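S.K.: Next input, structure requested:
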Amino acid sequence: MEASEYVPVPGGMLWTTHQGHGPALVLCHGGPGLWDYLAPVAAMIDDLVSVYRYDQRACGRSSGSPPYTVDAAVADLEALRSSWHLPQWIVAGHSFGATLALAYATTYPERVRALLYLCGTGIDASWHEEYHRNQAERLSPQEAEQLADWEAERACLSGAEFAAVDRAYCELLWSTDFAHPRQAREFVRSLFIDGIQPNYEVNALLGKDADRFAESPTRSARLAALPVRTLVLHGEADPRPVRVARDIAQRLRAAEFVLLPEAGHLPWLEQPDQFQQVLRAFLTRL
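M.R.: Below is the predicted model:
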């Protein structure tokens, strides 16, 4: 059974939910600018761990003022841990959330029992170019034209009209994240929450700052010194390049790398059995 609450943080109020029992584990969603969509992951492991999930600052059901930076997101995560009186927890993140989890672990290694780095984008900002190229290759000429039309429409719309076009735009664009196009639209629709839209201001500002974080001249040394046990998992068919995830695993002292075949950016939807097996095996070894 889930228990939801709003937790105050400086300059905002974060929606959170909690389920399960055992050692604490927090799930950090991606985007940036999206909302928590990791309930299926929580359900796979909540008999092993107490799972905490939340919507990040100014995203989903949470409120919050700027700055929208990695440092602020780390501070929010630490504020949640402190509010819940958890001396230590397992920190897990997906996509941008993997960057956030990694940033938290390098900032507060003594608070982190283990790290789950799921389908992340590494510390090489060149991933953007390869990702967009892979993404474009998965769109037909007609789909690419439709996306361009919707993008132009969104610039001229507001309110309910914008929301409807934006939902269609996201559904098509995000379908490129999956290995199998036939089921992609159905999977994408399962991510939406009625009445909630992406925060594109957060996406732009926090996304840019994430690149700054990744390319910090001290980043490599801090990763090499991180003593935290880490699982780096990536889908073989994720349009975000596998090489960046493999590179992170090689840089960390205590990491294992798992590549899931026939899976894209959300492997718990496409390959739930394999994904669950890998996660549960890692958690039971802690």
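
S.K.: Strands of the stretch 1-150 of the chain, start to end?
M.R.: Taking DSSP state E, counting those that start in this stretch as the criterion, the stretch 1-150 of the chain contains strands spanning 3-9, 12-20, 24-28, 50-54, 63-64, 89-94, 112-118.

S.K.: Relative to Leu223, which of those is closest?
M.R.: Closest to Leu223 of the strands of the stretch 1-150 of the chain, according to CB to CB: strand 112-118, at 10.8 Å. No exception for glycine: its C-beta is placed from N, CA and C like everyone else's.

S.K.: Show me what counts as buried in the closest one.
M.R.: By 16 or more other CB atoms under 10 Å, the buried positions in strand 112-118 come out as 112-118.

S.K.: Widest-spaced pair of these?
M.R.: Between any two of the buried residues of strand 112-118, the greatest separation by CB to CB is 16.5 Å, found for Arg113 and Leu118.

S.K.: now the angle between strand 24-28 and the helix or strand containing Val278, please.
M.R.: Val278 belongs to helix 272-284 when assigned by DSSP states H and E. In terms of direction (axes from the mean of the first three to the mean of the last three CA atoms, to 10 degrees), helix 272-284 departs from strand 24-28 by 140 degrees.

S.K.: Does anything pack onto helix 272-284? Which helices or strands?
M.R.: helix 39-45, strand 112-118, strand 229-235, strand 255-260, helix 267-270 (3 or more CB pairs under 8 Å, 6 or more residues apart in numbering; DSSP states H and E).

S.K.: Redo these as TSV? Include distance to Leu279 and mean pLDDT.
M.R.: Converted to TSV, the helices and strands packed on helix 272-284 look like this (distance: least, CB to CB, whole Å; pLDDT from 0 to 100):
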stretch	distance to Leu279	mean pLDDT
helix 39-45	6	98
strand 112-118	7	98
strand 229-235	8	98
strand 255-260	10	98
helix 267-270	9	98
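
S.K.: wait, which of these is closest to Phe187?
M.R.: Closest approach to Phe187 among the helices and strands packed on helix 272-284 is made by helix 267-270 (4.8 Å; CB to CB).

S.K.: CA atoms only for the closest one, dumped as CSV, please.
M.R.: C-alpha atoms of helix 267-270 as CSV (Å, rounded to 0.1, in the frame of the first residue of the first chain):
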residue,chain,number,x,y,z
PRO,A,267,13.4,-1.7,-20.0
TRP,A,268,11.0,-2.4,-17.2
LEU,A,269,8.2,-2.0,-19.7
GLU,A,270,9.7,-4.0,-22.6
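
S.K.: Which residues does that helix contact?
M.R.: Residues from elsewhere that reach helix 267-270 (CB atoms under 8 Å, 6 or more residues apart in numbering): 40-41, 44, 118-119, 178-180, 183, 187, 190, 233, 235, 260, 262-264, 274-276.

S.K.: picking up where we left off before, tabulate the strands of the stretch 1-150 of the chain in CSV, adding columns for distance to Thr284.
M.R.: CSV is the format used below for the strands of the stretch 1-150 of the chain (distance: least, CB to CB, whole Å):
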stretch, distance to Thr284
strand 3-9, 25
strand 12-20, 14
strand 24-28, 13
strand 50-54, 15
strand 63-64, 36
strand 89-94, 12
strand 112-118, 11
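
S.K.: Return the most buried member of those strands.
M.R.: strand 89-94 (a mean of 27; mean count of other CB atoms under 10 Å).

S.K.: ok, back up a step: next, format the helices and strands packed on helix 272-284 as JSON lines and append distance to Glu143.
M.R.: Formatted as JSON lines, those follow (distance: least, CB to CB, whole Å):
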{"stretch": "helix 39-45", "distance to Glu143": "27"}
{"stretch": "strand 112-118", "distance to Glu143": "27"}
{"stretch": "strand 229-235", "distance to Glu143": "21"}
{"stretch": "strand 255-260", "distance to Glu143": "26"}
{"stretch": "helix 267-270", "distance to Glu143": "20"}
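
S.K.: closest to Glu137 out of the ones you listed?
M.R.: Closest among the helices and strands packed on helix 272-284, using CB to CB: strand 229-235, at 16.1 Å.
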